[in-house]
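S.K.: Kindly return the folded structure for what I paste below:
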Amino acid sequence: MGIFSFLKRQQAAREESPAADAPLEDKLGRTRSRFRDSLLDFLVGKKPIDEALLEELESQLIMADVGVAATSRVMGSLERRVARSEVGDSEALRGALGGELVGLLEPVERPLEIPESDHPFVILVVGVNGAGKTTTIGKLARQLQEGGRSVLLAAGDTFRAAAVEQLQGWGERNEVPVVSQGSGADAASVVFDALQSARARGTDVLIADTAGRLHTQSNLMEELAKVKRVLGKLDPDAPHETLLVLDGGTGQNALSQVEQFHAALNLTGLAVTKLDGTARGGVVFAIAERTGLPIRFIGVGEKVEDLEVFEAQRYVDALLGGG
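M.R.: Predicted structure coming up:
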């Protein structure tokens, strides 16, 4: 069966049916408006580049949630290019800006790949309440199934009965088995049982849900660390992916979430969701600059295919109209 590549699957789907769904630029409509209608309006034409124009660009990037650190990096590079006369007017500056933004994102463009193995590939999904963990799990499960992989879900969010029901709903919809226990059960025990079941069934991928929690709740963060330790007793390499789901609409607050969860769990990937309903999609640049963690997926709608593999060039093109 070989490696399951979400990126290859996504690209193949676009080639087979290029007009089957709305383009990414439409799904990112609010953030696109922030960039194109506000940030880039003053770069139209061939105006000379002066200090006032550069200062305005810097201010607009920060207001677009790109973040201070990422903006400083981009502006520093652009200013050096202007000084070397590589960029001579506002139209050229606009093009150069696109290149700098792509360069900022390319290091975190590392799609999740799942190798063929005799043991289940374990994905532990974490995040705060309301970030979209369970929906992301359901979409991942469907995409894996469509790619020929068998999947098992673990209902590790034992604090909310509704969370178990929601995951079971995704399981029924996708015809994927769900391992669960009663409300208030030990989450580590649920996930441990699920991994045992996945191994017994010869399942390719186990996706484990966890309770939503604030990144500042140290006792609950320790419970997540316990889940990881318990998984390691059955498979020293598990979980193979610890995926943090972030609500893109939270803006710069997402940065502190990444830092706290990473300190507790050693994250391996990020999924930034709800980007279709916010004008704060610029935070993706801030996340890339601050954390350097792989952005595996972006969520841009309600459909299963709206959980997309993150591609740097495609994301920037959708915001700036470059492609």
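
S.K.: could you measure the residue nearest to Pro115 when sequence neighbours are not counted against Ala187, distance?
M.R.: Nearest non-adjacent residue to Pro115, counting by Cβ to Cβ, 6 or more residues apart in numbering: Ile3, 5.1 Å away. All C-beta atoms are positioned from the backbone trio N, CA, C, and that covers glycine. Applying Cβ to Cβ, to the nearest Å, the value for Ile3 to Ala187 is 30 Å.

S.K.: wait, what's in contact with Asp89?
M.R.: Shown in contact with Asp89 (Cβ atoms under 8 Å, 6 or more residues apart in numbering): 45-49.

S.K.: What residues are bridge-paired with it?
M.R.: Taking DSSP bridges as the rule, Asp89 bridges to Pro48.

S.K.: Now the lowest-mean-pLDDT helix or strand in the chain - C-alpha only, PDB.
M.R.: Least confident helix or strand of the chain, by mean pLDDT, DSSP states H and E, is helix 6-16 with a mean of 83. Output of helix 6-16 as PDB, limited to C-alpha atoms (Å, rounded to 0.1, in the frame of the first residue of the first chain):
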ATOM      1  CA  PHE A   6      -2.700  13.500   2.100                       C
ATOM      2  CA  LEU A   7      -1.000  16.000  -0.200                       C
ATOM      3  CA  LYS A   8      -0.800  13.700  -3.200                       C
ATOM      4  CA  ARG A   9      -4.500  12.700  -2.600                       C
ATOM      5  CA  GLN A  10      -5.500  16.400  -2.500                       C
ATOM      6  CA  GLN A  11      -3.600  17.300  -5.700                       C
ATOM      7  CA  ALA A  12      -5.000  14.300  -7.500                       C
ATOM      8  CA  ALA A  13      -8.500  15.200  -6.600                       C
ATOM      9  CA  ARG A  14      -8.000  18.800  -7.900                       C
ATOM     10  CA  GLU A  15      -6.700  17.400 -11.200                       C
ATOM     11  CA  GLU A  16      -9.600  14.900 -11.600                       C
END
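
S.K.: any idea which helix or strand comes after that helix?
M.R.: Helices and strands here follow DSSP states H and E; after helix 6-16, the next one along the chain is helix 24-27.

S.K.: What degree of burial does the residue nearest to Leu112 when sequence neighbours are not counted show, as a neighbour count?
M.R.: Counting by Cβ to Cβ, 6+ apart, Arg296 is the residue found nearest to Leu112 once chain neighbours are left out, at 4.6 Å. Residues near Arg296, counting by other Cβ atoms under 10 Å, number 26.

S.K.: Would it be right to say that Arg296 lies in a helix?
M.R.: No - checked against DSSP: H, G, I helix; E, B strand; the rest coil, Arg296 lies outside a helix; its state is strand.

S.K.: Okay, it and Ser72: tell me how far apart.
M.R.: 26 Å.

S.K.: same question, Leu24
M.R.: Using Cβ to Cβ, Leu24 is found at 27 Å from Ser72.

S.K.: More neighbours: the two, which one.
M.R.: Of the pair Leu24 and Ser72, Leu24 is the one with more neighbours under other Cβ under 10 Å, namely 21 against 15.

S.K.: wait, the more buried one sits on Gln313?
M.R.: No - look at Leu24 against Gln313 with Cβ atoms under 8 Å: they stay out of range, at 11.0 Å.

S.K.: where does the residue nearest to Pro115 fall, phi/psi-wise?
M.R.: Per-residue torsions, Ile3: phi -70, psi 130 (degrees, to the nearest 10).
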